[in-house]
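Asker: Fold the following.
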Amino acid sequence: MGFSPSSAFVTQSLRAASRRPSPSLYLCPTCSIRHFRSSRRSNSRAGPNPRLEAFGKIIRDEYAVVRDHYETPKHPIVLAHGLLGFDELRLAGPFLPGVQYWRGIKEALSMKGVEVITATVPPSASIEMRAEVLAETITSAARGREVNIVAHSMG
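Answerer: Here you go, the predicted model:
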């Protein structure tokens, strides 16, 4: 028999979770992506909790926030999916739209004027075979230009 928590326990847990302060990573009233902080000063907090200093050095990451402006790369970006990945997956044939592996990423980059090359490699082939197909895709699409590769997992 599996564990079945009482409704009182579940209710108490939900209330406790709702009272917890949200980390600043999730607080961005002016960002369109609400799970990331903005680099705007008005949204930045005073700093880390001073109680954390008791645990040692605080590591700060300047890339932890989503900036409001990024420079457009001069080279095309190649998106390479990972192991068992795909460029588009169609679960119901022509009846439903396909699921894009890089959903939203290609569109967001293209809107910023970035040339995006989506590479499709065999989902479960050897590393050598996947690398060979990726190289062929880049060679044919980039036509000798340098590229930036963004890969996920074994991409």
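Asker: CA only for contacts and neighbour counts going forward, please
Answerer: Fine.
Asker: contacting residues for residue 72?
Answerer: Residue 72 makes contacts with 112-114, as judged by C-alpha atoms under 8 Å, 6 or more residues apart in numbering.
Asker: cutoff 10 Å now
Answerer: 109, 112-115 (C-alpha atoms under 10 Å, 6 or more residues apart in numbering).
Asker: Which of those fall in helices?
Answerer: Members of those lying in helices (criterion: DSSP state H): residue 109.
Asker: And this structure, what are its domain boundaries?
Answerer: 22-69, 77-151 (automatic domain parsing).
Asker: Report the buried members of the contacts of residue 72.
Answerer: Among the contacts of residue 72, those classed as buried by 16 or more other C-alpha atoms under 10 Å are 114-115.
Asker: I'd like the contacts of residue 72 written out as JSON lines, with pLDDT and distance to residue 49 added.
Answerer: Below are the contacts of residue 72 laid out as JSON lines (pLDDT from 0 to 100; distance: C-alpha to C-alpha, whole Å):
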{"residue": "109", "pLDDT": "86", "distance to residue 49": "35"}
{"residue": "112", "pLDDT": "86", "distance to residue 49": "36"}
{"residue": "113", "pLDDT": "88", "distance to residue 49": "39"}
{"residue": "114", "pLDDT": "88", "distance to residue 49": "39"}
{"residue": "115", "pLDDT": "92", "distance to residue 49": "42"}
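Asker: Looking at the contacts of residue 72, which is nearest residue 71?
Answerer: residue 112 (9.2 Å; C-alpha to C-alpha).
Asker: Tell me which helix or strand residue 118 sits in.
Answerer: strand 116-119 (DSSP states H and E).
Asker: I'd like the average pLDDT over that strand.
Answerer: On average, the pLDDT along strand 116-119 is 88.
Asker: quick one: the nearest residue to residue 116 once chain neighbours are set aside and residue 114, what's the gap?
Answerer: Distances taken as C-alpha to C-alpha, 6 or more residues apart in numbering place residue 77 nearest to residue 116, at 4.9 Å, with adjacent residues excluded. Separation of residue 77 from residue 114 (C-alpha to C-alpha, to the nearest Å): 7 Å.
Asker: intersection of neighbour lists for these two?
Answerer: residue 106.
Asker: Which elements pack onto the lengthiest helix in the chain?
Answerer: Counting residues, the longest helix in the chain under DSSP H turns out to be helix 127-142. Secondary structure elements in contact with helix 127-142, counted by 3 or more C-alpha pairs under 10 Å, 6 or more residues apart in numbering; DSSP states H and E, are strand 77-80, strand 116-119.
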